[in-house]
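J.: Give the three-dimensional model of this entry:
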Amino acid sequence: MPVARSEVAGAAWHGSIVVAGGVGSGGGPSVRVDVAYPKAGQWSRGPHLPAAPTDAAVAGLGTPPWAGGGAAPTRP
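T.: Here you go, the predicted structure:
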């Protein structure tokens, strides 16, 4: 993955793997979306999420993937 994150959402879609949201290495929430193309060994950027969820879900059933649920991280 181009940028290390934990607590991401991910799904397989049309031969690619979509990875969205999560927590970045600095501990903050991420709106980043990355798409992996395993056959080509390449990654590309997807559109930013409108919010920065952690522990969300991603699904795509013949349509572009949708992200939903999750939590908004808080800091102490």
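J.: Spell out for me which residue occupies the centre of this protein.
T.: A centroid search over the chain (C-alpha atoms, centre = their mean) returns residue 20, at 0.8 Å, as the residue closest to the centre.
J.: pLDDT below threshold where in this structure?
T.: 62, 66, 69, 71-76 (pLDDT under 70).
J.: circling back: which residues does the residue nearest to the centre of the chain bridge with?
T.: residue 9, residue 33 (DSSP bridges).
J.: contacting residues for it?
T.: Going by C-beta atoms under 8 Å, 6 or more residues apart in numbering, residue 20 touches 8-10, 32-34, 46, 49, 56, 58, 65, 67. C-beta here means a position set from N, CA and C on the backbone, and glycine is covered the same way.
J.: again, only using 6 Å
T.: Counting by C-beta atoms under 6 Å, 6 or more residues apart in numbering, residue 20 makes contact with 9, 33, 58, 67.
J.: Same question for residue 36.
T.: Contacts of residue 36 by C-beta under 6 Å, 6+ apart are 17, 43.
J.: Any buried residues in the helix or strand where it lies, and which?
T.: Secondary structure assignment for residue 36, by DSSP states H and E: strand 33-37. Residues 33-36 are the ones in strand 33-37 that count as buried (16 or more other C-beta atoms under 10 Å).
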